[in-house]
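**Student:** the sequence and its predicted three-dimensional model are supplied below.
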Amino acid sequence: MASTENLNIGMAVLSSLGGCMGYAKKGSVPSLVGGVGLGAAYGVSAWLCDENPSAGYTVGLAASVVMAIVGAMRYKKSKKVMPAGMLLIMGLFAGVCNLFNIV
């Protein structure tokens, strides 16, 4: 198992947990749907890395771009590092890792 596969598994868990925490703390359904949705995308990415690595890393890159864009929009609005800035940083990091495996 490649290290980026492990990263995508970790991102799946963190995204899902973050969405659940947003729902538990603030009752935010968009956080729940977004977190679990991104978690599912990262999970599919990790699974695809075994079957078709190019497709797996592409799905991981797409999920990372979505996460980074959402994080940037939230950070611009709130100027809070947690959770908006962390979404941006995590999305950029995972995106770069997935991109280097595609190329």
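**Tutor:** Structure received. Bear in mind that the values here come from a model prediction, so they are computed numbers and not experimental data.
**Student:** please enumerate the helices of the chain.
**Tutor:** Using DSSP state H, the helices of the chain run over 3-26, 29-51, 53-78, 86-102.
**Student:** which strands and helices sit next to the longest one?
**Tutor:** Spelled out, it's helix 53-78. Counting by 3 or more CB pairs under 8 Å, 6 or more residues apart in numbering; DSSP states H and E, the packing neighbours recorded for helix 53-78 are helix 3-26, helix 29-51, helix 86-102. All C-beta spots, glycine's among them, are computed from the backbone N, C-alpha and C.
**Student:** now the first one: buried residues?
**Tutor:** What it means is helix 3-26. 4-5, 7-9, 11-12, 14-16, 18-19, 22-23 (16 or more other CB atoms under 10 Å).
**Student:** then stretch 64-82?
**Tutor:** Buried, per 16+ other CB under 10 Å, within stretch 64-82: 64-68, 70-72, 74-75.
**Student:** who touches it?
**Tutor:** 11, 15, 34, 38, 41, 83-92, 94-95, 98 (CB atoms under 8 Å, 6 or more residues apart in numbering).
**Student:** now those residues: which count as buried?
**Tutor:** Counted by 16+ other CB under 10 Å, the contacts of stretch 64-82 give 11, 15, 34, 38, 41, 83-88, 90-92, 94-95, 98 as buried.
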